[in-house]
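S.K.: coords please:
(chains A and B)
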2 protein chains.
Amino acid sequence: MKRIGRESIIYTFSPKHKPAEVASPGEYVLFETEDAFGGQVKGEETPPDKLDWSRVDGATGPLYVEGADPGDTLVVDILDIRLQEKGAIAVIPGYGGLSHLEFMPKAKVVRIDGSFVYFNDMRIPIKPMIGTIGVAPEEGEIPAGNPGRHGGNMDVSELGVGKRLYLPVLTEGALLALGDLHAVQADGELCVSAIESPGEVLIRVNLIKGRMPNWPILETSESFQVIAAGKDLDEAVREAAEESIRAIMRAKGIPFEDAYMLGSLLVELKINQVVDPLLGARAKVPKWLVSIYDFLHQRS
Amino acid sequence: MKRIGRESIIYTFSPKHKPAEVASPGEYVLFETEDAFGGQVKGEETPPDKLDWSRVDGATGPLYVEGADPGDTLVVDILDIRLQEKGAIAVIPGYGGLSHLEFMPKAKVVRIDGSFVYFNDMRIPIKPMIGTIGVAPEEGEIPAGNPGRHGGNMDVSELGVGKRLYLPVLTEGALLALGDLHAVQADGELCVSAIESPGEVLIRVNLIKGRMPNWPILETSESFQVIAAGKDLDEAVREAAEESIRAIMRAKGIPFEDAYMLGSLLVELKINQVVDPLLGARAKVPKWLVSIYDFLHQRS
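M.R.: As a prediction, this is how the structure comes out:
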């Protein structure tokens, strides 16, 4: 099993980063991750509006996957997520889904055990997930706090253990990185942070050669979900929805009009987060209607 | 049991409409409803771009509820929804969540039985719901195809049998009307229509005196959900989210900052529809966190 330590942290997704490790398709890889605050929120006395932003939103990696060529699909199976016993959450004026309201900066450090997060007098069931996971773009650099076609800071609450993620390979070796674990986050990630914890993630990587998706695709036991991003929710929804309708057209061999109708009946539009530099939505298509190959295409 | 027939149809929510029936709190009322197309889509030969739009989006009613005064809450328990055995769906160029794409007008008439809708070669499980349900505003008229603080065309997929809806009473007698039944609709109602069917709805009405919500509240077995609308999804989400955070503040006696954090962990932001004149979102708060009274306030 390969292992990438917490010291291998990157703040952008980019082909310029030197691989921290190399793995072959089928291999297990363990990533040690830092929390999204870069460990800076140590207690309630931390002023969250005074963070060093250059240390925020880091991801561990990148992992070079042998045989991954541009135009392929990287398949990531999420096998285990282990969190530390402490997590942090913060609200910062000007941030989050209610940034138009006036409020004070505030941080909170909470205890996490194998089942719950302890917040004030409340016990909240944990649902560990990966906030940031993505590959390097063809060129340039994408800040690790952004979501996009390469993945990145998607903040999808369902991206936890037992799920599979399909990412486009955009540069040789894919250069996968991940981080920003959340002990629990609702769809929306309303206040801009969730319960942020350092931790470890065990994945298995694989490849589908010669075809790739336009946006990351999440596979659950009963659905394929297109994960899109946009400058607002409306744009993110349009991107996710159009991709899902095109998959239904291919799966069923039907014209756009029929697939569009089916989308109204069967494609659940969902919110990922309303707080990142780009907002995120996903379109959930039942598995009985489509296969993963209906989402994949030749590199254009 | 009171009964309002399909001939009592209104195309706006307004205090100007004469009550079709009067009921007391605690009474059962059966509404017969027309489909959202006003029965105009009779087969696949119907050109859906040639509809008489003055006959679209009608609601049955209004029901005058005795003792309902402005500032009260009307409580509607949805007890039964019976659909006819035929439903219609249509796509119309320029409409729906993918209205930026080019496509042809098309209508489809489908068979509905007690369990399924039959679409092409597919059997889709039914999940009957009420698309439009609302009260009259203080003054003026709101087209029945719009959602708003009065309810109206909210198109919430969870608004089916066994659910409870809380609406503000804005005018004497509340003047409740409902229609636009869907045999099945996914969150989003992507193509602008769902499987539209005439039918019958049995409800029971009740009142909470002297307090009302800012937006309609849906109660399910495990949640309260604020149903909001806005000129885009971002605005709808902000409205629903703010209302849910204010309820958490009241319920737990905590400051905004703590409630905002809890919102990030526990308030699921969901999409209702992306296709009406105003778009719709809802914020789902677990019932263990809040009660309905945390959403209700004195009339200002």
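
S.K.: and stretch A:83-99, how far out from the chain's middle?
M.R.: Relative to its chain's centre, stretch A:83-99 lies at 17 Å (CA atoms, centre = their mean, to the nearest Å).

S.K.: Over to that stretch now: how far is its first residue from its last?
M.R.: End-to-end distance for stretch A:83-99: 29 Å, by CA to CA, to the nearest Å.

S.K.: just stretch A:146-165 next, same as before
M.R.: End residues of stretch A:146-165 are separated by 17 Å (CA to CA).

S.K.: Tell me the buried residues in it?
M.R.: A:146-161, A:163-165 (16 or more other CB atoms under 10 Å in any protein chain shown). C-beta here means a position set from N, CA and C on the backbone, and glycine is covered the same way.

S.K.: so what secondary structure elements neighbour the host helix or strand of residue A:22?
M.R.: In this structure, residue A:22 sits in strand A:21-23 according to DSSP states H and E. Helices and strands touching strand A:21-23, as assessed by 3 or more CB pairs under 8 Å, 6 or more residues apart in numbering or on different chains; DSSP states H and E, comprise strand A:2-4, strand A:59-65.

S.K.: most packed of the ones you listed?
M.R.: strand A:59-65 (a mean of 27; mean count of other CB atoms under 10 Å in any protein chain shown).

S.K.: What residues does the stretch 201-300 of chain A have near chain B?
M.R.: Contact residues (CB under 8 Å from any CB of the partner chain) of the stretch 201-300 of chain A with chain B: A:232-234, A:237-238, A:241-242, A:245, A:252, A:254, A:256-258, A:260-271, A:274, A:279, A:281.

S.K.: contacting residues around residue A:125?
M.R.: When contacts are counted by CB atoms under 8 Å, 6 or more residues apart in numbering or on different chains, residue A:125 is found next to A:115, A:116, A:184.

S.K.: what about it, distance to residue A:131?
M.R.: Counting by CB to CB, to the nearest Å, the separation of residue A:125 from residue A:131 is 18 Å.

S.K.: for residue A:291, same thing?
M.R.: Counting by CB to CB, the gap from residue A:291 to residue A:131 is 28 Å.

S.K.: which of the residues in stretch A:195-212 are buried?
M.R.: Those buried within stretch A:195-212 under the rule 16+ other CB under 10 Å are A:195-208, A:211-212.

S.K.: Okay, and which of these map to strands?
M.R.: Among the buried residues of stretch A:195-212, the members found in strands (DSSP state E) are A:199, A:200, A:201, A:202, A:203, A:204, A:205, A:206, A:207, A:208, A:212.

S.K.: Closest one to chain B out of the residues you listed, please.
M.R.: Chain B has its nearest neighbour among these in residue A:199, at 16.9 Å by CB to the nearest CB.

S.K.: in the stretch 201-300 of chain A, which spans are strands?
M.R.: Taking DSSP state E, counting those that start in this stretch as the test, the strands found in the stretch 201-300 of chain A are A:212-213, A:217-219, A:223-230, A:268-273, A:279-286, A:296-297.

S.K.: Let's have those strands in a markdown table, adding distance to residue B:78.
M.R.: Output for those, formatted as a markdown table (distance: least, CB to CB, whole Å):
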| stretch | distance to residue B:78 |
| --- | --- |
| strand A:212-213 | 40 |
| strand A:217-219 | 33 |
| strand A:223-230 | 27 |
| strand A:268-273 | 21 |
| strand A:279-286 | 25 |
| strand A:296-297 | 42 |
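
S.K.: Now render the ones you listed as a markdown table, adding mean pLDDT.
M.R.: Listed next are those as a markdown table, based on pLDDT from 0 to 100:
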| stretch | mean pLDDT |
| --- | --- |
| strand A:212-213 | 98 |
| strand A:217-219 | 99 |
| strand A:223-230 | 98 |
| strand A:268-273 | 98 |
| strand A:279-286 | 98 |
| strand A:296-297 | 98 |
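
S.K.: and of the ones you listed, who's closest to residue A:91?
M.R.: Taking CB to CB, strand A:268-273 is the member of the strands of the stretch 201-300 of chain A nearest to residue A:91, at 15.0 Å.

S.K.: how about the helices of chain A, start to end?
M.R.: For chain A, the helices defined by DSSP state H cover A:233-252, A:256-266.

S.K.: circling back: save the helices and strands packed on strand A:21-23 as TSV, and put in distance to chain B and mean pLDDT too.
M.R.: TSV is the format used below for those (distance: least, CB to the nearest CB, whole Å; pLDDT from 0 to 100):
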stretch	distance to chain B	mean pLDDT
strand A:2-4	28	98
strand A:59-65	20	98
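
S.K.: Distance to residue B:78 added to those, as JSON lines?
M.R.: Formatted as JSON lines, those follow (distance: least, CB to CB, whole Å):
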{"stretch": "strand A:2-4", "distance to residue B:78": "53"}
{"stretch": "strand A:59-65", "distance to residue B:78": "46"}
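
S.K.: To residue A:84, which of those lies closest?
M.R.: The stretch from the helices and strands packed on strand A:21-23 with the least distance to residue A:84 (CB to CB) is strand A:59-65; that distance is 14.2 Å.

S.K.: That closest one vs strand A:199-208, what angle?
M.R.: 30 degrees (axes from the mean of the first three to the mean of the last three CA atoms, to 10 degrees).

S.K.: What helices and strands are in contact with strand A:59-65?
M.R.: Checking 3+ CB pairs under 8 Å, 6+ apart, strand A:59-65 ends up next to strand A:2-4, strand A:9-10, strand A:21-23, strand A:28-33, strand A:129-134, strand A:174-182, strand A:199-208.

S.K.: again, only using 6 Å
M.R.: strand A:21-23, strand A:28-33, strand A:174-182 (3 or more CB pairs under 6 Å, 6 or more residues apart in numbering or on different chains; DSSP states H and E).

S.K.: who does that strand pair up with?
M.R.: strand A:9-10 (antiparallel), strand A:21-23 (parallel), strand A:174-182 (antiparallel) (DSSP bridges).

S.K.: ok, the closest residue to chain B within the stretch 201-300 of chain A to residue A:209 distance?
M.R.: Distances between the stretch 201-300 of chain A and chain B by CB to the nearest CB are smallest at residue A:269, namely 3.4 Å. Relative to residue A:209, residue A:269 is positioned 31 Å away (CB to CB).

S.K.: swap in residue A:267?
M.R.: Applying CB to CB to residue A:267 and residue A:209 gives a distance of 28 Å.

S.K.: For residue A:13, which non-adjacent residue is closest in space?
M.R.: Leaving out its chain neighbours, the residue that sits closest to residue A:13 by CB to CB, 6 or more residues apart in numbering or on different chains is residue A:142, at 4.7 Å.

S.K.: same check, this time on residue A:256
M.R.: Residue A:256 sits nearest to residue B:103 (CB to CB, 6+ apart), 5.0 Å away.

S.K.: ok, so what distance separates the one you found from residue A:115?
M.R.: Distance from residue B:103 to residue A:115, by CB to CB: 49 Å.

S.K.: And residue A:276, by the same measure?
M.R.: 28 Å.

S.K.: can you list contacts of stretch A:79-94?
M.R.: With CB atoms under 6 Å, 6 or more residues apart in numbering or on different chains as the test, stretch A:79-94 has contacts from A:37, A:41, A:48-49, A:105-110, A:112, A:128, A:161, A:183, A:191, A:193, A:195-202, B:257, B:260-261.

S.K.: now that stretch: mean pLDDT?
M.R.: If you average the pLDDT over stretch A:79-94, you get 97.
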